[in-house]
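>>> Below are the sequence and a predicted model for it; my questions follow.
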Amino acid sequence: MKDFIPNTRRASGPNGGNLTGSYEGGKGPRIGGRRMKVLLYDLAPAEAGNRLQNFLETHVPWSKMEVHRNIEGLAERLKAPHKGEVVAVLQANSREDLAALLSIRHRLQDIRTILLAPDREEETIALAHQLRPRFLSYIHNDLYNVAAVLEKMLKNHG
């Protein structure tokens, strides 16, 4: 199975193809001429119809998304310099996924993170907060807030 799947979809919809229409031509925010990258971590196989990936590709189509399907691939990617050009969207489908993310939290410390936790149990939330996400949601919640927060993080990257 592939670990890294670049997002090549560049859909354009109303208002420039994003939630607010604030970017001309749907090209999205940039740092020094480079577009911000979104690292999406989700163990769900692409062929299973990944809900989060599909939603973000539809609602934030101008984002430059890299999809990682295993923790080793994500950890390797996080070794590369990013200079503030990366936002991570991490979906933990189970406490085991969350534990795997905690094992690489030192690599996430300088990266803006959105975390989707597997449940709302007190122990899970305590573990989730150890990753210090900018936004914490749950895998069964509506994804519009996740897309809105991601868009704002990408827009206000500077």
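Right, received. Where do you want to start?
>>> For this protein, which helix extends over the most residues?
Under DSSP state H, the helix in the chain containing the largest number of residues is helix 144-155.
>>> Show the average pLDDT along that helix.
Helix 144-155 carries an average pLDDT of 92.
>>> Buried ones in it, by neighbour count?
Along helix 144-155, the positions that meet the burial threshold by neighbour count (16 or more other C-beta atoms under 10 Å) are Val146, Ala147, Val149, Leu150, Glu151, Met153, Leu154, Lys155. The C-beta positions use only the backbone N, C-alpha and C, and glycine is treated the same way.
>>> which helices and strands does it pack with?
Applying 3 or more C-beta pairs under 8 Å, 6 or more residues apart in numbering; DSSP states H and E, one finds that helix 144-155 contacts helix 51-59, strand 86-91, strand 112-117, strand 135-138.
>>> Would you format these as TSV with distance to Ile71, mean neighbour count and mean pLDDT included?
Written out in TSV, the entries for the helices and strands packed on helix 144-155 read as follows (distance: least, C-beta to C-beta, whole Å; neighbours: other C-beta atoms under 10 Å; pLDDT from 0 to 100):
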stretch	distance to Ile71	mean neighbour count	mean pLDDT
helix 51-59	17	17	88
strand 86-91	10	24	94
strand 112-117	14	23	96
strand 135-138	19	16	96
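>>> Serialize the ones you listed to TSV and add fields for distance to Leu101.
Formatted as TSV, the helices and strands packed on helix 144-155 follow (distance: least, C-beta to C-beta, whole Å):
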stretch	distance to Leu101
helix 51-59	15
strand 86-91	6
strand 112-117	8
strand 135-138	12
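>>> Walking through the chain, point out its strands one by one.
Taking DSSP state E as the test, the strands found in the chain are 4-6, 30-31, 34-35, 37-41, 64-68, 86-91, 112-117, 135-138.
>>> Ala128: which of these is closest?
strand 112-117 (4.6 Å; C-beta to C-beta).
>>> what packs against that closest one?
Packed against strand 112-117, as judged by 3+ C-beta pairs under 8 Å, 6+ apart, are the following elements: strand 86-91, helix 122-129, strand 135-138, helix 144-155.
>>> Out of the ones you listed, which gets nearest to Lys79?
Shortest separation from Lys79 across the helices and strands packed on strand 112-117 is recorded for strand 86-91, at 12.1 Å, computed as C-beta to C-beta.
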